[in-house]
Each structure stands twice: as C-alpha cells, then as structure tokens.
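> Got a predicted structure here, sequence first:
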Amino acid sequence: MRRNEQANGTIAVEVEGLTKSFDGKVVVRNLSMRVVRGQIYGFLGPNGSGKTTTLRMLCGLLTPDSGRGVALGYDIRTQNEEIKRHVGYMTQRFSLYQDLSILENLEFVARVYGLSDPTREANIAIERLGLQGRERQLAGTLSGGWKQRLALGACILPKPELLLLDEPTAGVDPKARREFWAEIHKLAAEGMTVLVSTHYMDEAERCHEVAYIAYGELLAQGTIEGVIEGAHLRTWNVAGPDLQALAEKLVGTPGIDMVAPFGASLHVSGRDAAALDAAVAAFRDEPRLEWTLSAPSLEDVFIDLMSRSQDNFR
Amino acid sequence: MIGLATLRRSGAVSRTWAMFIKEFVQLRRDRLTFGTMIFIPVVQLLLFGFAINTTPRQLPTAVLMHEESDLARSVLAALSNTSYFRVTRVARSEAEMDHWMRSGDVLFGVEIPALFERSVRRGDRPALLVVADASDPVAAGTALAALEGVVKTALARDRGLPETIQSVPAFEIRQHRRYNPAAITSLNIVPGLLGTILTMTMLIFTALSVTREIERGTMESLLAMPIRPLEIMIGKITPYIAIGFIQAALILVCGVLIFDVPIEGSTTLLAVLSTLFIATNLSIGYTFSTIAQNQLQAIQMSFMFFLPNILLSGFMFPFAGMPQWAQVVGELLPLTHYIRIARGIMLKGATLYDLQLEALALLALMVLAMTIAVRRFRRTLD
C-alpha cells in the first residue's frame, strides 16, 4: 500500500527525526528531510557534520537509533534488501577493486545485481564513461578523476532510482568536476534522484535544492534563493586598502556577526540590519574605503548558520 | 668510528627515537598483538609441556578372546600391568577388531587363541597374537618392547601351572606390526604433512579475505549491494577448494613417487574427505576473518589456531599418549580427524565405514564455523 503510494508519487526520500549516535556521541540529531523525485539534492556541511552517516542510513548501511524514513517507498529500517537493489551508493573513498580491471569491476557489479548479460552491460557503461580502449587497465592505476567516473559508472550500472553520492568530487580537478556534474545533471534529467554531499559551495549552486547540516543537525533546506532569503542576513561589501586591519577592528563589534574576506574585498554581515548599520557607521566615513550593500553569498549564509549552531552547542 | 656526539648532531638519534616511540604507542593500541605475546610463550609452553609425551602409556587396546580361561585373564592383567596397554574394548570377531584398528579406535589388538590354556599345559607353546598399529612407529614402539616381560608376569600370577612349564617360555607372543611393518617414519609423516600443509595454507587464504575487503575499503560498497553474507562466504570459499584440491594432489603425488607412501584404500574416498577437510579449514579461516579487525589480527588468529593443530592432533606426537584433557582439545581440531582419515586410507586401507565418525566430526566443525561466520558477518557498518 504505502510502497505504491510512494513509488507512484513524487517523493523519493522522506525521513523524520533520524538520530544516530556512535559510542554515546550523537552524530545525526533529529533529522527530517524530503527529496523530490528527479531532483539533485545537495547535502552540505563541514567535515564530521553527519553527512556520510545520513547517506549510510538512507542506503541501509547503518540502522538509525530512532526516527523513521522511507526511500523509494521502502522502509529504511526493515526493507534493506529492496533498498540495496534500487539505490546506488558511491562511497567517499574509492571502493572498487583496485586489482581488478575496469571491465572486471563493472562485470562484478552487473553480476551481483543479477543483470542478464554482465559483459554487455559493462561494455555499455565503459562506452558511456568514455573509457573504451582502457577496459583492461587495472582500476587502481587510474587517476583520481577517472576513478570517480568509474565509481559513478559502477553505481549507475544497475540503473538505480536513487543515487547517493558521498563527496564524489573531493580531490578531483576542476575540469573533471565539471564533467562529473554534467553527467549527474544528465542522469537527473533521465529521472534519477540524486543526493550528493559536498563541501564545495560552487557545487551547491549546481543543485536544485540544498540542505545544510552541521553538528548532526539540519540547519536549513530548500532552494538556494530560499535558503539565502531565509537567513535574513544583511551584508556589506567593503573594498579598499588595509582590509586586514579593518577586519580585526570589526570582529567582535556588537551587531556584526561575521567578517569574511571575499576576493579583494571584505564581507561584513549581520542578522539585525539596524544593528549592523549602526556598527559599521563609524567606518563608513573613511574615505579610502568603498562600502556597498551586497547580497550575501551561500557561503556567507552557511558560515553564519554554522557559527550560530556552534553557539548553541557551547 | 662515528662518535655518539656526531650521531646525535646529525639527528639520527632523535629520528630513531621517534620511530621507537611511535612503534611502542601503536603496539600498545593493538590488544591482539599484546595477547599473542602472552599467549604464545606462556600458554603454549605450559599446554604442550604437559600434553606431549613421546613414550605414551595406557594405549587403547582391544582383545579378542577365543577362550575365557584363568590363564587368558592372567595374560590380560599382565598386559595392563605394563602400564602401556589399557584394554578398552572386547571384540566379538576378527572383523570387528580390524575395523577398530583401521578407524584408529585402538592401537593394539590382542588375540587369545582357542584352547590356549590347554595347549600351555600340554607344553605345546601356543602363540598369542598382538597386532600393533605401527602406522605411528613412536606410539607402538615402546609398548611392543614391553611385551617381553608379559609372559613371565602372567605365569607368575597363575600358580596352577606345573613347574616345568614355568621354566621354558610356556607360550609365545607373536607381534604383528601392521600398516608400516618396517617402521618407516616417512610413511607416517606424509599423510600427516598433507593435513598440516592444507591447514596452514587454507586458513591463511580465507583468514585474509574479509579483512582485506575492510582494509581496502571495498567492504562499504559491497555491503551496499544486494548480496547476502552466505552468498559472499560461499563465493569466497569455493575458489580455494579447487586450489586446496590441487595442492593435496601435488603432495600426494610427491608422497607416492618420492617417499613410496602407499594408498591402500580408495583414492576417491581420500579425495572426497580431503575436500571436506579443505572446506572445513577454509570456513574456520573465514570465521577468523569476520572476527579480526585487520589482516595482521587475522594472521595472528590463524597462527594461534595452527599451533595446537600441529602439536595436539597426533601429527608430531602420539595422540593416545596425551592426557585426557589434551585429547579432548585435540578432538576439537579438524587436523586430528583428518590425520586419522589420511593415515587410515593411505596406510590401513580404511573405508568410509571405518572413518564415519571422523568424517562426521569434520562436517560438524565446518557447519559450526560457517554458522559463526555468517552470524558474525556484519551486514551493516553499525
């Protein structure tokens, strides 16, 4: 019943109150979220924020301590086997066999998923990846970027409905990253739901929706515009000489919540617009400095969210 | 000569010291290595110091009495008095006694002929047959040497016999060394070695298999795939059965060609039971693999398992000579049963009927190991 409802519906993932701790340390706390089918959903947050743990709970690799969740209409606590069949999970660390060739790795995956003609499926994947002519090369000898592509190829080989990617582009050069993202968009356009964790802000901007998680808690989620608006952050952009000295003066001033260098200028942000303006008023007359109101970047918003939640933890 | 001061100035001392400290810290974290350091010297030394005995006594003996006379009973009492023989079974027929000999249940068979006492009284000097399982020359040797005194003791107990008969040996003890009459050590060693080599290699093959997946990070994606623990285990074990089989064949061919070891029994039976033994060891290695946290631990566990296999299985020292507790431990080791199988088939021409208990023991150990392995195998990363 529930399975059909969910499978035909537009929701790929829906979790409520997920909590997981290791050795008494809470890693994910009361996390609720919902991912629409066919979307690329970015999962952002600093290292150790619980992104990997959440992804692992979604694909049945970890059992949540409490909370409930449904992925593709299957209960993530009880329907592990079905979930494994329909969800592709790409680990953060390269986890294919280094001592098998590209072809052998892909054939192995195809066989485990019971595809009817493993060699044919593997060859199709190799073509899609653009690895023709290198089928016999050992996976361990591939460069970082190619390893990631191969890992993605192995993940999508059994045609999963939901793809979980755990920091897929960490340590990959910009060109390979761009190609990787082009591939992900292509998959989403074909109907696959993609949940991708990252801590690159530029990658967040390639997602349809994002969620920001820090210290195990989901701090914000929605479209990028929505998240930025929801933060109610006012940001001044300051350009001029000797910005480091200015930054040191501004930090800790009441009304200023965040000071961050941004290229050749400085971003000065605050949650309370009036208080921020009052705080910077003294410096605005300085002739050498050029003050302009600017839209906060996603990074500004996230850093602010993080420092706020850090305050809560203290 | 480089002076210490020069060394220190060059930084060699502090670099070596850095390495020294780091090794110690890592060693302290690795509890199993610590355990191995205690276990291997202390436990093994104590265990095997007490368990091993190369002049075994109280060896299991079967008797077949065609006559139940006072003299016959005196002979049996005299045998027991040597402390080398312990009558554990009374056979009803020669076939039964042969079966016990082939299956290794007894090491000696004593046959008292019909009309024994009457022949002695008549001065016919009848022969009393002592059949020894000489497949293990060490176990049989000392006991056979002690037989000489038995005649005298037996007659001294039986005062009913006339003086004249007592002076000359009234009966003769005919020794029959079966299976390895020339007491050639290699005949006994080769079947044992077959089992020992298989144990060592098979354990290591699978002991590394799960820990390697964990260490290389491939376990994470394997667990995310729709494959069950039992499927992983069987898929991992079966290729090595073939390898073990080739290895066994190689050892056998060398044994037969180089050392002239016979294969008295059925080669097919040997092949079938060897396969069972190979699978049992692979399952045990796999079980270690699911318990160990890394490859080093898996190797250490295999080694700790391997040592008692060598020492308590009857491979190096006579099984029957060990104290009761050591024999109980020995019965829990697959090699003990396989050595009986290999020696039984190759030297004694044993059949499946003779070896059914050993085969069942191997099967039970294999199923036990597989059950533990499948239960221990973590389906998740929790």
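On my side now, so go ahead.

> now B:Ala127, which residues is it bridged with?
B:Glu172 (DSSP bridges).

> Could you report the distance from the residue nearest the centre of chain A to A:Val172?
The residue lying closest to the centre of chain A (C-alpha atoms, centre = their mean) is A:Ser197, at 2.3 Å. From A:Ser197 across to A:Val172, the span is 14 Å (C-beta to C-beta, to the nearest Å). C-betas here are computed from N, CA, C, even on glycine.

> count of residues packed around A:Asp300?
23 (other C-beta atoms under 10 Å in any protein chain shown).

> check which helix or strand covers it.
If you go by DSSP states H and E, A:Asp300 is part of helix A:298-313.

> just the CA coordinates of that helix, formatted as CSV?
Extracted as CSV, the C-alpha positions of helix A:298-313 are listed here (Å, rounded to 0.1, in the frame of the first residue of the first chain):
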residue,chain,number,x,y,z
LEU,A,298,25.5,31.0,0.0
GLU,A,299,28.9,30.6,1.8
ASP,A,300,28.1,33.7,4.0
VAL,A,301,24.8,32.1,4.9
PHE,A,302,26.3,28.8,5.7
ILE,A,303,29.2,30.2,7.7
ASP,A,304,26.6,32.2,9.7
LEU,A,305,24.4,29.1,10.2
MET,A,306,27.4,27.2,11.4
SER,A,307,28.6,29.8,13.9
ARG,A,308,25.1,30.1,15.2
SER,A,309,24.7,26.4,15.8
GLN,A,310,28.2,26.4,17.3
ASP,A,311,26.9,29.0,19.8
ASN,A,312,24.1,26.7,20.6
PHE,A,313,26.5,23.9,21.4
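
> who touches it?
Helix A:298-313 has contacts (C-beta atoms under 8 Å, 6 or more residues apart in numbering or on different chains) with A:44, A:46, A:201, A:204-205, A:210, A:212, A:214-215, A:217, A:219-220, A:224, A:227-228, A:231, A:233, A:235, A:257-258, A:260, A:267, A:269, A:271, A:296.

> PyMOL command for the buried members of those residues?
Entered in PyMOL, the line below selects the buried ones among the contacts of helix A:298-313, by 16 or more other C-beta atoms under 10 Å in any protein chain shown:
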select buried, chain A and resi 44+201+204+210+212+214+215+217+219+220+224+227+228+231+233+235+257+258+267+269+271+296
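
> Now intersect the contacts of helix A:298-313 with the strands, please.
Residues of those located in strands (DSSP state E): A:44, A:210, A:212, A:214, A:217, A:219-220, A:235, A:258, A:260, A:267, A:269.

> How is the chain divided into domains?
Reading this off chain A. A:2-90+A:160-223, A:234-295 (automatic domain parsing).

> Wait, chain B was what I had in mind.
B:59-178, B:185-376.

> Isn't the residue nearest to the centre of chain A up against A:Glu167?
Yes. Counting by C-beta atoms under 8 Å, A:Ser197 touches A:Glu167, with 5.5 Å between them.

> Can you pull the residues of the stretch 151-300 of chain A lying near chain B?
A:Ala154 (C-beta under 8 Å from any C-beta of the partner chain).

> all helices of the stretch 151-300 of chain A, in order?
A:174-189, A:201-204, A:224-230, A:243-250, A:273-284, A:298-313 (DSSP state H, counting those that start in this stretch).

> buried stuff in the helix or strand hosting A:Arg128?
For A:Arg128, the enclosing helix or strand under DSSP H and E is helix A:118-129. Under the neighbour-count criterion of 16+ other C-beta under 10 Å, helix A:118-129 has A:118, A:121-123, A:125-126, A:129 buried.
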